[in-house]
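Chemist: Provide a 3D model corresponding to the input given below.
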Amino acid sequence: MPHRRTLPNRLIEFCLLAVCFSLTVTSAAAEAGWKAGTAAAMITPEKPMWMAGYGHRDKPSEGALHPLWIKVLALEDAGGRRAIVLSSDLLGVPQSVYRHTVHALKEQFGLEPSQIVLTASHTHCGPVLRGALYDVYPLDDQQKTLIETYSVELEAKIVQSVGEALSKLAPARLHAGQGITRFAVNRRNNLEPDVSKLRESNALQGPVDHSVPVLTVTAPAGELRAVLFGYACHNTTLSFYQWCGDYAGFAQIALQRSHPGAVALFFMGCGADQNPLPRREVALAERYGQMLAAAVEEVLLQNPAPVEPKLRTSLEMVTLNLGAQPTSEELQKMTIGQTNYLSRWAARLLDQSKSGQPFIRTYPYPVQVWKLGDRQLWITLGGEVVVDYALRFKQEYGAEVWVAGYCNDVMAYIPSARVLKEDVPPVASGRWGYEGNTSMYVYGLPAHRWADDIEELIAASVQRLVHRVKATEQQGGE
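Modeler: Numbering: from 1, shown residues only. Next up is the predicted model:
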């Protein structure tokens, strides 16, 4: 019998370990998927402050109906690419807060601006923030100090919450779907007192977007961990002096009550010309919130489509042109008479002109596109965007595309070419004029309106970014 050579025991053990390691790596690669983490922080001001959103307010806040929140959803795909979404009970995230925050997130977590979406619900029952709407209210030095202090603390809470969400990244599954609810009304085409009768006779006019985009995040075992959802309608049900998230706040409360342990995050669609009507009652805000939550729940019951663990992000700061700037004579006339936002705007610009500082003629505007999985596109735009943009991009990129406004900066209304044309003075309708023209005074920009090319500049940027995220995926990189 010939002598048979045997491998040493230690070598056999090494080979077995190597095989097991290889199988483990192969198995892990095969099962690699999404990771997700969440965090939330209360941001209700502790002291009375001026509330953002309504020019008629003549005093600071008086308590809270319910708390204000920021919430963060952190995502990581199978290739290790990360992104974060922040929802907030704020009128908007001003340019200075956005810039400070993305700089800090880059420094601390290596996140690029394209990987960050800072959204605001546009509640009109949230605080004034640094550098935004200062002409609207008679702010004294004490109030400006409160605003600055609050804004600094808000930035710190955002960074802290992002860090917490990233630290909680854990295996997850994502699903995307779309529901519907119909309380949003085009405010340009329907007089508010007539809405109830018009609705009864099915006679409401004007473009709307009643879709409810939904992204669900579940643990591998199936329990809901987070739900991100949107709607294109102003959060203007309430106009009192209490902190409140309006209908979007009530919707998030309802969803979190129904799904203990889950985090609900809201983003605003292109609702700049859409209102919840009728309004002005807490019961109505709660009803609209329940309707929106029910639309989300319906999507959850429909087994929304799984989202493959692939993430692509892209962003541009597009140079938008301002239209005609006011003359010194116009500004001087605006300072005469009653003191209000218009006279404060005019007086500030006069002082700037006299000091030799030229007015800005362009504005850096954030346009962002994400692709989640193989199909889901999410377009996010800055400013108060009218509904025409959502309808246009759904026609161009598919009915399931999500389009959000109020992201990464809210500097003014963003009218479409149609709205801009309708709002050329003298306007043909008493309901027209604000979104395309006079709203610039509220936000403090030194112009009567945007230049006529605003829609095409934004649309061209979206087209470039959509092409970029698709081409990036085909190339296998970022």
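Chemist: for stretch 183-192, list the C-alpha coordinates in CSV.
Modeler: The C-alpha trace of stretch 183-192 is given here as CSV (Å, rounded to 0.1, in the frame of the first residue of the first chain):
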residue,chain,number,x,y,z
PHE,A,183,-57.9,69.2,-0.1
ALA,A,184,-55.4,71.5,-1.9
VAL,A,185,-57.1,74.2,-4.0
ASN,A,186,-55.5,76.5,-6.6
ARG,A,187,-55.8,79.9,-4.8
ARG,A,188,-55.2,81.9,-8.0
ASN,A,189,-58.2,80.5,-9.7
ASN,A,190,-60.8,80.2,-6.9
LEU,A,191,-62.0,82.8,-4.5
GLU,A,192,-61.6,81.5,-0.9
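Chemist: quick one: the helices in the stretch 251-400 of the chain?
Modeler: 282-301, 328-334, 341-354, 387-397 (DSSP state H, counting those that start in this stretch).
Chemist: mean neighbour count added to the ones you listed, as a markdown table?
Modeler: The way it works is simple: take the backbone N, C-alpha and C, and place the C-beta from them, glycine included. Below are the helices of the stretch 251-400 of the chain laid out as a markdown table (neighbours: other Cβ atoms under 10 Å):
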| stretch | mean neighbour count |
| --- | --- |
| helix 282-301 | 19 |
| helix 328-334 | 14 |
| helix 341-354 | 17 |
| helix 387-397 | 19 |
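Chemist: in JSON lines, list those along with distance to Ala41 and mean pLDDT.
Modeler: Below are the helices of the stretch 251-400 of the chain laid out as JSON lines (distance: least, Cβ to Cβ, whole Å; pLDDT from 0 to 100):
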{"stretch": "helix 282-301", "distance to Ala41": "21", "mean pLDDT": "98"}
{"stretch": "helix 328-334", "distance to Ala41": "41", "mean pLDDT": "94"}
{"stretch": "helix 341-354", "distance to Ala41": "31", "mean pLDDT": "94"}
{"stretch": "helix 387-397", "distance to Ala41": "30", "mean pLDDT": "98"}
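Chemist: out of the ones you listed, which comes closest to Pro260?
Modeler: helix 282-301 (14.5 Å; Cβ to Cβ).
Chemist: any chance you could list what contacts that closest one?
Modeler: 65, 177-181, 183, 212, 214, 216, 224, 227, 229, 231, 237-238, 244, 246-255, 258, 276, 278-279 (Cβ atoms under 8 Å, 6 or more residues apart in numbering).
Chemist: ok so, going back, just so I know, which of the helices of the stretch 251-400 of the chain lies nearest Ile84?
Modeler: helix 282-301 (21.0 Å).
Chemist: just send the helices of the stretch 251-400 of the chain back as CSV, with distance to Glu153 too.
Modeler: Rendered in CSV, the data for these read as follows (distance: least, Cβ to Cβ, whole Å):
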stretch, distance to Glu153
helix 282-301, 27
helix 328-334, 35
helix 341-354, 26
helix 387-397, 33
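Chemist: and those helices: which comes nearest Asn189?
Modeler: Minimum separation from Asn189 across the helices of the stretch 251-400 of the chain (Cβ to Cβ) falls at helix 387-397, 10.9 Å.
Chemist: contacts made by the helix or strand just after the closest one with the rest, please.
Modeler: Using DSSP states H and E, the helix or strand that directly follows helix 387-397 along the chain is strand 402-404. Contacts to strand 402-404, defined as Cβ under 8 Å, 6+ apart, come from residues 117, 119, 209, 213, 230, 267-270, 376-381, 385, 389-390, 393-394.
Chemist: stretch 336-349 now?
Modeler: So stretch 336-349 is contacted by 55, 135-138, 326, 330-335, 359, 441-442, 444, 446 (Cβ under 8 Å, 6+ apart).
Chemist: how far away from the center of its chain is that stretch?
Modeler: Centre-to-centre, stretch 336-349 and its host chain are 31 Å apart (Cα atoms, centre = their mean, to the nearest Å).
Chemist: please save the CA atoms from it in PDB.
Modeler: Only the C-alpha atoms of stretch 336-349 are listed here, as PDB (Å, rounded to 0.1, in the frame of the first residue of the first chain):
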ATOM      1  CA  ILE A 336     -44.300 107.500   2.100                       C
ATOM      2  CA  GLY A 337     -47.400 106.700   4.200                       C
ATOM      3  CA  GLN A 338     -48.100 103.700   6.400                       C
ATOM      4  CA  THR A 339     -45.100 101.800   7.800                       C
ATOM      5  CA  ASN A 340     -45.300  98.200   6.600                       C
ATOM      6  CA  TYR A 341     -43.200  95.500   4.800                       C
ATOM      7  CA  LEU A 342     -43.200  97.500   1.600                       C
ATOM      8  CA  SER A 343     -42.000 100.800   3.100                       C
ATOM      9  CA  ARG A 344     -39.300  98.900   5.100                       C
ATOM     10  CA  TRP A 345     -38.200  97.100   1.900                       C
ATOM     11  CA  ALA A 346     -38.000 100.400   0.000                       C
ATOM     12  CA  ALA A 347     -36.200 102.200   2.800                       C
ATOM     13  CA  ARG A 348     -33.600  99.500   3.200                       C
ATOM     14  CA  LEU A 349     -32.900  99.500  -0.600                       C
END
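Chemist: low-confidence stretches in this protein?
Modeler: 1-31, 473-478 (pLDDT under 70).
Chemist: so which residue is smack in the middle of it?
Modeler: Thr119 (2.7 Å; Cα atoms, centre = their mean).
Chemist: quick check: phi and psi on it?
Modeler: phi -110, psi 160 (degrees, to the nearest 10).
Chemist: where's it relative to Lys310, distance?
Modeler: Going from Thr119 to Lys310 by Cβ to Cβ, to the nearest Å gives 22 Å.
Chemist: just to revisit the earlier point, pull out the buried residues from the contacts of stretch 336-349.
Modeler: Neighbour counting with 16 or more other Cβ atoms under 10 Å marks 135-137, 326, 331, 334-335, 441-442, 444, 446 as buried within these.
Chemist: same list, those residues, but as CSV with distance to Ser314 please.
Modeler: Shown next, in CSV, are those (distance: Cβ to Cβ, whole Å):
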residue, distance to Ser314
Asp135, 34
Val136, 34
Tyr137, 37
Pro326, 36
Leu331, 40
Met334, 41
Thr335, 44
Tyr441, 33
Val442, 31
Gly444, 30
Pro446, 31
